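Trainee: the amino acid sequence is not available; the structure is as follows:
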């Protein structure tokens, strides 16, 4: 594997340019440079670029430079390149942009890199002209002159054992639109062609044994003209204006954001979308590291209908398509409100030219309601303080679905990840009298929306007061001693049962809602001065469904990361993607599957010479799989009201007191003020929205 | 029991006044009227009123009147009265305010009504002058001349088997303030006096075997002067203004709120605080009932330290103190932002006079972010629609803690209950070298904050398209058939396993995080036209800890509702409070405990002549216990950054399509517009915060 070799890459001090920062995504100019350096060396005429992205600085080198930028060597800029040569040969490479040389360039057999937007967009026009697809359309009631009304959402094939991994393939989920503005998901077609992008041919069509003619139900549309014609828009919503007349509370320096003691580097790549690096919190003058790198590293969306070929519907939206590549360009007042700062995202296209998605990242503040409050019942002396939050967001469209990702920083040191799911259900055709067998819901006549899960993998490269961290499983547990015993007479004893994970095998842990299970990422070398407990950040995550596809089945094999709620590994520079570097058309077999299962097997094998089997008090990465199970219903159609999800990373024993006491209260009146009759009335009487304390 | 008799009360048509509405809380005038009617009949000189609150209309009568207000008899206004006569005799009564007569008035032996704010406020001054308390203070280092620096938070005693239920008692949790503005929870005292409010005497002091002298640590304060002196306020927070120049989107008619197809009656009582009645959703012209009544009906906060007398710390904040009585008076810009509508709350005081808490309820709208969005990857045609939400909130202070309760209505038919916990940890003294044994955390030198749970009981009186509803437990489950079998070849089959509850015993159910367990409140008489599934509302609640106090122990005995995540009972007019009508000093023994355990035992006993054992397709109430387990840490002190909690009631198979398609999008561009080059640019370019679609 090329990865083994890439691990050996080291950089030397060069004539480092002051910008960009080593964490920054590659700029358009850097992408162009990387491509030109490869072209100069390789000279493939028809080389199609799949990805040119930041080859992230090796951590040892990076932390040395961060600690001493004056004297330590500045990490070189480098590009991580994936390209496909004629014949479907996949190449992985690294280009040193500082030294302007190709470090490595190697053919990787038997893998398929992700599907780009260009790959997706190439299929539909060809499908409309394919005689066998035209024939299938005619069988279900679409005359050939209506082929311009046939649409397809091309997915990677996932894995199909009939075709294996060597030929790059896409499956075309087929739809129909009576008119161009109609929602195509109301008219799913019952067959599924398989496309080879290399030859631009459809190599096979999966046709179900029982045919489902095109639905004749009227359109179920959400577009403006349809709503206006049907019942018009409600006129009862009065506007809410959100303004920041004095500007935002954050400062941006390059891609570093400084806000309310937090400092965060905002990166972005084609795959994970937002990557947050070097997250620190200024604790009364001491800049304390919290996370080295945070991202959504992978996800899988298994569908629950066992009928062939629906088992192929289990998209790895990040590893197979790229959350960055699928990013929406965001717009003020539409996606976010208030004073917005945007960042663009630069990618490569197949031809090797840099392309830009404008406004891919949105950075803004929101009011966060009450930050803390207390009233003394004796005298109504009171303090009430409102909070703000900082939201760093992006939205990506994975064919039918939309994922809205919000990284939210709170003033009190809490980091929240919110995800909103919206967009449109993936749908399949059904006959009027057909039984869904419980695998889906008829959300509209002729429309079967299959059960599915959205399972996300949060990658937490922890840095809680330094790189050496330990993960503890924390369960709320009853104390020893039965009711009536001397030690627990009234039966009320309970405590936080902490289980230390010392090896990656121990750390393969499931969720337990009954014990309110959480996980603490602790630095056992540093104790809180008051509690004498290790400083830590606690993962509080309550939407943690079990992976429903069965052990040994296709999705289970491919999505090793989703088998457990938590995995913990020792940090390694090349372990970014828990389902592997190249995800499409992996079978997950033989064991161990690519990504996490392989790394853990390597770390714990008896022949391993590494110290990767130890995750106690060392540089560790916590992988957390969370999400929801979605049983569709008609109110989700034809477009789904956003379904929210959330998790928290909360400081525990990290600060020695509430870290937001110095946020000015909206209103405060002390007992002595009450006694003296001072501070009567309330800020409300002053007539301004954000009043000062009295 | 008086309750049995009260069940028999029926009303006759009287000269009904057009106002107030039968659901409305009693007005101050009605409270005064009720008191005067009782005084005229009873003539106790020293009668102390504990509660005078709406005796809610019997449901059968009320629903008949709601259905046909022209012809059905209008339910009488009536007062539910609790009072304490000299000698501690507790009286329960009902007064018909329409007919102006006392319907019943009865001594209820062996019970103790809740502790009012007047009860709470009476103790501290007496404690400062009690010789035995002065003595205890001197023992731990407080000279008697400093007794004005001694404070106490008087709690109900909960239950103490040494003193039983017949004498009304309070336990005084003791604190010290070096200066009047200092946070007293930094200086907890180690002993606990027991107070008899009838005799105004301290009858006992619980003194621990190992003494803990008064802490000499410096104050840990959050008040403005202390923060200014210590490090000053940060000047980095820029204001966020939220304005509604065209006013709010809701209309208020009496206490009915009409907002975005929702219609809600907002009630309030001394105990539950906000009570929402007759919640309906206007579905394209059809007004569909959803809930008859929603409230937080009870809660319990068990603490986890088994050392005596901490087992008594398990406050039932609603049943023992009253969430309404403890309400904060809210203020614009401090507690909420934007255009706020307030409602006051009227109560009775001990002397029998009506009193008012101004601004007890806050009603306002907020921006709710993206309501739905979809982009077509082919052509970037897009629709993005933002949502609003309606928030009906109150905040109550339970001694040290603050509970912020937000009932949130979403445009898509979702109802959300958010709770924020803030305020101050309950603390106990600890010596410098003392071991907490894991039952608490030293959050500051000398301050032991004990582990605790906050368990709330949501009462859902369902009315999903009518009163006859059924509850199904829904678990995400794997399909039958092993991997490789014909029926489940790839192992990906999964479905929603639904278990119908037909009896209250079957419905005593726990949470299961692994199956993403939810509960559907369904109307099996009405099927969704598309899915053919019953219309329903689904309870999605993920913060559902197990009750940690052990079975048969004190808290377990008293808090029957908290033994399971869900109970379902057949509706009965007098079954409002799941830990019983009078909660203080109940022991919970012998079984069945008051409230839910008793009702379920009665419903399922073989001698029961009622049909209360059937909960299938009848008028049912779902009781849901949820909350958090809190292991304190120093960042929670001296005042706790708000900790959030949430649950959802979501329409499932209730609507035949997305019910918010007629909310005007912020931005929309159809494929045909894209093709014609229409609608270029975005709303952002128009320069207004809330732009119209193009």
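Mentor: Cool, the structure landed. All values reported here derive from a predicted model rather than from experimental measurement. Residues are numbered from 1 along each chain as shown, chains lettered A, B, ... in the order given.
Trainee: now the strands for the stretch 501-650 of chain A?
Mentor: Assigned by DSSP state E, counting those that start in this stretch, the strands in the stretch 501-650 of chain A fall at A:518-527, A:534-541, A:566-570, A:618-630, A:640-652.
Trainee: dump those strands to JSON lines, plus distance to chain B and mean pLDDT.
Mentor: For glycine as for every other residue, the C-beta is placed from the backbone atoms N, C-alpha and C. Compiled in JSON lines, the strands of the stretch 501-650 of chain A are given as follows (distance: least, C-beta to the nearest C-beta, whole Å; pLDDT from 0 to 100):
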{"stretch": "strand A:518-527", "distance to chain B": "9", "mean pLDDT": "98"}
{"stretch": "strand A:534-541", "distance to chain B": "9", "mean pLDDT": "98"}
{"stretch": "strand A:566-570", "distance to chain B": "14", "mean pLDDT": "98"}
{"stretch": "strand A:618-630", "distance to chain B": "4", "mean pLDDT": "98"}
{"stretch": "strand A:640-652", "distance to chain B": "4", "mean pLDDT": "97"}
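Trainee: want to try JSON lines for the ones you listed, with mean neighbour count as columns?
Mentor: Conversion of the strands of the stretch 501-650 of chain A to JSON lines gives the following (neighbours: other C-beta atoms under 10 Å in any protein chain shown):
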{"stretch": "strand A:518-527", "mean neighbour count": "21"}
{"stretch": "strand A:534-541", "mean neighbour count": "25"}
{"stretch": "strand A:566-570", "mean neighbour count": "24"}
{"stretch": "strand A:618-630", "mean neighbour count": "23"}
{"stretch": "strand A:640-652", "mean neighbour count": "23"}
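Trainee: for the longest strand seen in chain A, which strands pair with it and how are they oriented?
Mentor: The strand of greatest length in chain A, counted in residues with DSSP state E as the criterion, is given as strand A:354-375. Applying DSSP bridges to the sheet, strand A:354-375 is found paired with strand A:341-348 (antiparallel), strand A:382-398 (antiparallel).
Trainee: neighbours around residue A:46, how many?
Mentor: Applying other C-beta atoms under 10 Å in any protein chain shown, we find 9 other residues in the vicinity of residue A:46.
Trainee: before we move on, what about the one 4 residues further on?
Mentor: Other residues within reach of residue A:50, judged by other C-beta under 10 Å, total 26.
Trainee: contacting residues for it?
Mentor: By C-beta atoms under 8 Å, 6 or more residues apart in numbering or on different chains, the contact list for residue A:50 reads A:82, A:83, A:84, A:90, A:113, A:114, A:116, A:350.
Trainee: re earlier: out of the strands paired with strand A:354-375, which one sits most buried?
Mentor: Compared across these, strand A:382-398 shows the largest average neighbour count, a mean of 23 (mean count of other C-beta atoms under 10 Å in any protein chain shown).
Trainee: now do it and strand B:640-652, the angle between them.
Mentor: Following axes from the mean of the first three to the mean of the last three C-alpha atoms, to 10 degrees, one obtains 50 degrees for the angle between strand A:382-398 and strand B:640-652.
Trainee: all the helices of chain A, in order from the start?
Mentor: Secondary structure of chain A (DSSP state H): helices located at A:2-7, A:28-42, A:59-67, A:117-121, A:123-128, A:131-139, A:224-230, A:554-558, A:596-604, A:671-676.
Trainee: buried stuff in the longest strand of chain A?
Mentor: Buried positions in strand A:354-375, judged by neighbour count with 16 or more other C-beta atoms under 10 Å in any protein chain shown: A:354, A:357, A:359-375.
Trainee: do stretch A:502-514 as well
Mentor: The neighbour-count criterion (16+ other C-beta under 10 Å) identifies A:502, A:503, A:504, A:506, A:507, A:508, A:509, A:511, A:512, A:513, A:514 as the buried residues of stretch A:502-514.
Trainee: do the same with stretch A:665-676
Mentor: Residues of stretch A:665-676 classed as buried by neighbour count (16+ other C-beta under 10 Å): A:665, A:666, A:667, A:668, A:669, A:670, A:671, A:672, A:673, A:674.
Trainee: looking at these, which is nearest residue B:147?
Mentor: Relative to residue B:147, the closest of those is residue A:671; by C-beta to C-beta it sits at 16.7 Å.
Trainee: verify the stated contact: that closest one with residue B:182.
Mentor: No: because the distance of 9.1 Å does not satisfy C-beta atoms under 8 Å, residue A:671 is recorded as not touching residue B:182.
Trainee: thinking again about what came up before, output the buried residues of stretch A:502-514 in a markdown table; the columns should cover pLDDT and distance to residue A:546.
Mentor: Formatted as a markdown table, the buried residues of stretch A:502-514 follow (pLDDT from 0 to 100; distance: C-beta to C-beta, whole Å):
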| residue | pLDDT | distance to residue A:546 |
| --- | --- | --- |
| A:502 | 97 | 25 |
| A:503 | 96 | 23 |
| A:504 | 97 | 20 |
| A:506 | 96 | 19 |
| A:507 | 98 | 17 |
| A:508 | 98 | 14 |
| A:509 | 98 | 12 |
| A:511 | 97 | 8 |
| A:512 | 96 | 11 |
| A:513 | 94 | 11 |
| A:514 | 92 | 14 |
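Trainee: filter those by proximity to chain B?
Mentor: Residues of the buried residues of stretch A:502-514 in contact with chain B (C-beta under 8 Å from any C-beta of the partner chain): A:511, A:512, A:513, A:514.
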